[in-house]
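A.B. asks: Return a 3D structure for these sequence lines:
(chains A and B)
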Amino acid sequence: MNTEAGNVTTCAVSKQAVVNASNYFNKATGEAIERECKVKLQEGCDELVLNFSQTELVNSVGVSILLGIIDSAKTLGTKVVFADVKQDTIDLFDMLGVSRHVTINI
Amino acid sequence: MADERNRLIHTFGALAELGEEVSNKQSFNETMRTSLHLLLGSLAIMRGGVARYSPFGHELSMLAMRGIREDFPLTLSLCQEDERQFLANGLYPIEVSQAKVLPFFQVYDQSFEQSAIELFVPLVIHGETVGSVFLGRKATGESYTTYDREIICAMARHVGVAIMQRNMMAELERRAEENRKLYDNLRMTYNDTVKAFAAAIDRKDKYTEGHSVRVGKYSEIIAAELGWNEQEVEGAAVAGYLHDIGKITVERKIINAPYRINAKESSELNKHPGVGYEILMPISHPYADVPLAAKYHHERLDGRGYPDGLYDREIPYIAKIVNLADSFDAMTTDRPYKRRRPANEVFEDLQRNSGKQFAPEIVKAFFKGMYNELTGETKEKRFRRLLGREYMETEGIVPMLKNALNGVAPTSPLTYLAVDK
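C.D. replies: I've put the predicted structure just below:
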């Protein structure tokens, strides 16, 4: 099942939810992604996949929002996966320690 | 090395964005939320919150939270000892685990533990505690370094300044509201005093009791029809109420004379505009032209008025309004030596003297106000209350007013130029 909401597209396959992020992960786009993730978590998915294939840049607000999503998922026992992350972004996540809390697929 | 450089770029980026955010004119709550995100995201801190301090209630109220448990208290009380210690500490992170000697950390120990809060930063700005920041552990799991604490202080200071500015704005708004109320009360007192004066003036002349009040009301109606703003309309009303204040110095026997007074008595009576001006000038009225209305309300456009025989453009506009209102009331009120004139005669008189005694546009505005009331265009019944229903509903008045409104020219047919005297 595919749904579209602005820059966020969501696909639900069995109990995995995929949320696609836009090219600049900042406050505006980050909050939209956060809302979508919360919906999916409440619907009860086992694995939450954030697709970063379009994402060029994640700023500090974006990092904070991602940590919030990770925290919420952990509370519900949901695994969080970051997919198709660009190398610069991986370096940022590694530096900040975000990588320790998620599975990163290149 | 590259890692450190990237970390610097990331945190300075956050600091720059935070500086921009706190000077944004968006909602304060939104600013706090975004500021918290920037602080947490700069060092990848798992959770945190920002609170504002109220010195009156001695409590911290949460403004924004992320990742903190729902049962974390939204207000946290401080005792004197806590306040003293936080001020002494200044804006620097306090390790929660090592501060349990303070009552604050003892009381809220469980809440801090359940939400995994590691650092508490009192926001002390210019020697005043304005709020605080609560910070959880870092995503790396590592302890906070000196560098981290310096970044936290720099960012927390921005947040503290934003809260302080907000407090100052709130205080300014409160004082402005207080001043507004004070001003309104003063205005009410002034208006009540003016009306009391008007009543006192009228009591000297038993046959025209209520005259000053009626002139005030007619002046108000004219000013409103001319499209004046609320304050100007109020000023016109006050000018009307006080126009005859000079009569306080005129002998009662002259004012109450049951006959037409002689030249000497007339000369005495004609001093009242100047006297009124002398009485009103020293007072700081909210409406500057009130004394001028008292002085010149007997002047005429054709220069045949008194006390100074001014011509059209020399006469203050407010005085022209009061002149019409005063004359209208004189014609429609019983006097000791004559009864009030029928409505149609009064309107004809006003029209005939439009451009000679009265300013044409003022006559028109007056007629319009009356016409609107009689035809139901306005629901107000001011003229009926002032003149009596029977007088107002005399047959033929409405068509007469309509003709007058169509026939009265917008500019005076006689333009009297100022003459060098």
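
A.B. asks: Quick check: which element contains the residue lying closest to B:L386 once chain neighbours are set aside?
C.D. replies: Excluding the flanking residues, the one nearest B:L386 by CB to CB, 6 or more residues apart in numbering or on different chains is B:R214, at 5.3 Å. Any C-beta I mention is one placed from the backbone N, CA and C, and that applies to glycine too. Take DSSP states H and E as the rule and B:R214 turns out to sit in helix B:211-225.

A.B. asks: Show me what the mean pLDDT comes to for stretch B:137-150.
C.D. replies: Averaged over stretch B:137-150, pLDDT sits at 94.

A.B. asks: now the strands: where do they sit in chain B?
C.D. replies: B:48-54, B:59-66, B:75-77, B:94-95, B:117-125, B:128-136 (DSSP state E).

A.B. asks: returning to what we had before: any idea how many residues pack against the residue nearest to B:L386?
C.D. replies: For B:R214, the count of nearby residues is 24 (other CB atoms under 10 Å in any protein chain shown).

A.B. asks: before we move on, the earlier item: what is the distance between the helix holding B:R214 and the centre of its chain?
C.D. replies: The chain centre lies 23 Å from the centre of helix B:211-225; the measure is CA atoms, centre = their mean, to the nearest Å.

A.B. asks: The residue positioned nearest the centre of chain B and chain A, how far apart?
C.D. replies: With distances taken as CA atoms, centre = their mean, B:R180 lies nearest the centre of chain B, 5.8 Å away. Using CB to the nearest CB, to the nearest Å, we find B:R180 at a distance of 37 Å from chain A.

A.B. asks: what's the closest of the strands of chain B to B:I245?
C.D. replies: strand B:48-54 (52.2 Å; CB to CB).

A.B. asks: Could you list everything the residue nearest to A:V102 when sequence neighbours are not counted pairs with in the sheet?
C.D. replies: The shortest distance from A:V102 to any non-neighbouring residue, by CB to CB, 6+ apart, is to A:V80 (4.6 Å). Note on A:V80: beta-bridge partners by DSSP bridges are A:L48.

A.B. asks: residues in contact with the residue nearest to B:L386?
C.D. replies: Taking CB atoms under 8 Å, 6 or more residues apart in numbering or on different chains, we find B:R214 in contact with B:325, B:329, B:333, B:386.

A.B. asks: And the furthest pair within those?
C.D. replies: B:A325 and B:T333 (12.1 Å).

A.B. asks: Near A:L67, how many other residues are there?
C.D. replies: 26.

A.B. asks: neighbour-wise, which of B:A325 and B:T333 wins?
C.D. replies: Neighbours per residue, other CB under 10 Å: of B:A325 and B:T333, the larger number sits with B:A325, 29 against 18.

A.B. asks: tell me the pLDDT at the more buried one?
C.D. replies: What the model reports for B:A325 is a pLDDT of 96.

A.B. asks: which regions of the stretch 201-350 of chain B sit below the pLDDT cut-off?
C.D. replies: Scanning the stretch 201-350 of chain B for pLDDT under 70 picks out B:205-208.

A.B. asks: if you set the cut-off to 50 instead, what comes out?
C.D. replies: Along the stretch 201-350 of chain B, the model assigns pLDDT under 50 to no residue.

A.B. asks: okay, and for chain A, where does confidence drop off?
C.D. replies: Counting by pLDDT under 50, chain A has low-confidence residues at A:1-6.

A.B. asks: Contact residues of it facing chain B?
C.D. replies: A:27, A:59-65, A:67-68, A:71, A:91-92, A:95-98, A:100-101 (CB under 8 Å from any CB of the partner chain).

A.B. asks: List only buried entries from those residues.
C.D. replies: A:27, A:59-65, A:67-68, A:71, A:92, A:95-98, A:101 (16 or more other CB atoms under 10 Å in any protein chain shown).

A.B. asks: Mind checking which of the residues you listed land in helices?
C.D. replies: A:27, A:60-65, A:67-68, A:71, A:92, A:95-96 (DSSP state H).

A.B. asks: So which of these is the closest to B:S111?
C.D. replies: After measuring these against B:S111 - CB to CB - the closest member comes out as A:D71, at 17.1 Å.

A.B. asks: residues contacting the closest one?
C.D. replies: A:D71 neighbours (CB under 8 Å, 6+ apart): B:46-47, B:67.

A.B. asks: Output the ones in helices among the buried ones among the residues of chain A next to chain B as a markdown table; include the columns distance to B:K379.
C.D. replies: Below are those laid out as a markdown table (distance: CB to CB, whole Å):
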| residue | distance to B:K379 |
| --- | --- |
| A:K27 | 53 |
| A:S60 | 61 |
| A:V61 | 57 |
| A:G62 | 60 |
| A:V63 | 63 |
| A:S64 | 59 |
| A:I65 | 58 |
| A:L67 | 63 |
| A:G68 | 59 |
| A:D71 | 63 |
| A:L92 | 70 |
| A:M95 | 73 |
| A:L96 | 69 |
